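Trainee: fold the following and give me the result.
(one chain, ligands or ions: 1)
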Amino acid sequence: VWLLLGGVVVAETVWIVTDFFRPRRNRRIDDGGGSVLIAGPVDRFEPGSVTAFPEGRFYLTRLADGGFLALHRECTHLGCTVPWISDEQRFVCPCHASSFDITGDVLSPPAPRPLDVFPVRIENDIVKVDTARPIKRDSFTGSQVVRS
Ligand code: FES
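Mentor: Numbering: from 1, shown residues only. All right, here's what the predicted structure looks like:
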């Protein structure tokens, strides 16, 4: 019985470890070394909305003017995952209470800079986000917004 239980523990451990390192295949395409996630058609996202993409570690925000930003979900203070608080219309970090507006700009410290962004492109009215590497920024500027 002990050998059988030991075998089950080893099998579960191997399964968990291999599953952890296996690449995710859902909605991703290889794009010349990057990892592009297809978020969906432009019309799927209402102006003024925030949509979480946990598999890509980002929020896709559509600003009131129709522009898009893909915000890395990690706080720029110490890296906690930052949830969107819909009622307050801002991101609030649960670790040390930094907050960010819908563009990822800092509303309250200790976060030293805005949330990082991932490159967004729109092709044939489909929003695509390259999640290979977040881009640091010192402030929000209109040039970071992608429009169709
Ligand atoms: Fe977010 Fe410290 S990690 S405020």
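Trainee: from now on I want contacts and neighbour counts done on CA atoms only, so please keep to that.
Mentor: Will do.
Trainee: what residues does this protein have near the ligand?
Mentor: For the chain, the residues in contact with the ligand (CA under 6 Å from any ligand atom) are 75, 77-80, 93, 95-98, 110-111.
Trainee: which of these count as buried?
Mentor: Neighbour counting by 16 or more other CA atoms under 10 Å classes 75, 77, 93, 98, 111 among these as buried.
Trainee: please identify which of the residues you listed is nearest to F140.
Mentor: A111 (14.1 Å; CA to CA).
Trainee: contacts only, for the closest residue to D105 other than its chain neighbours.
Mentor: Leaving aside its sequence neighbours, D105 sits nearest to P114 (CA to CA, 6 or more residues apart in numbering; 4.4 Å). Residues near P114 by CA atoms under 8 Å, 6 or more residues apart in numbering: 76, 100, 104-106, 137-140.
Trainee: hang on, P114 in a helix?
Mentor: No - counting by DSSP: H, G, I helix; E, B strand; the rest coil, P114 falls outside a helix, being coil.
Trainee: make CSV out of the contacts of P114 and add pLDDT and secondary structure.
Mentor: Formatted as CSV, the contacts of P114 follow (pLDDT from 0 to 100; DSSP: H, G, I helix; E, B strand; the rest coil):
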residue, pLDDT, secondary structure
T76, 97, coil
F100, 98, strand
G104, 97, coil
D105, 97, coil
V106, 97, strand
R137, 96, coil
D138, 96, coil
S139, 94, coil
F140, 94, coil
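Trainee: buried among these? Need that as a selection in ChimeraX.
Mentor: Here is the ChimeraX command that selects the buried residues among the contacts of P114 (16+ other CA under 10 Å):
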select :76,100,104,105,106,140
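Trainee: which among the contacts of P114 gets closest to the ligand?
Mentor: Checking the contacts of P114 against the ligand by CA to the nearest ligand atom gives T76 as the nearest, at 6.5 Å.
Trainee: does the closest one touch L115 like I think?
Mentor: Yes - between T76 and L115 there is a contact at 6.0 Å, judged by CA atoms under 8 Å.
Trainee: could you dump the buried ones among the residues of the chain next to the ligand to CSV with pLDDT and secondary structure?
Mentor: Below are those laid out as CSV (pLDDT from 0 to 100; three-state DSSP):
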residue, pLDDT, secondary structure
C75, 97, coil
H77, 97, coil
C93, 97, coil
S98, 97, coil
A111, 97, coil
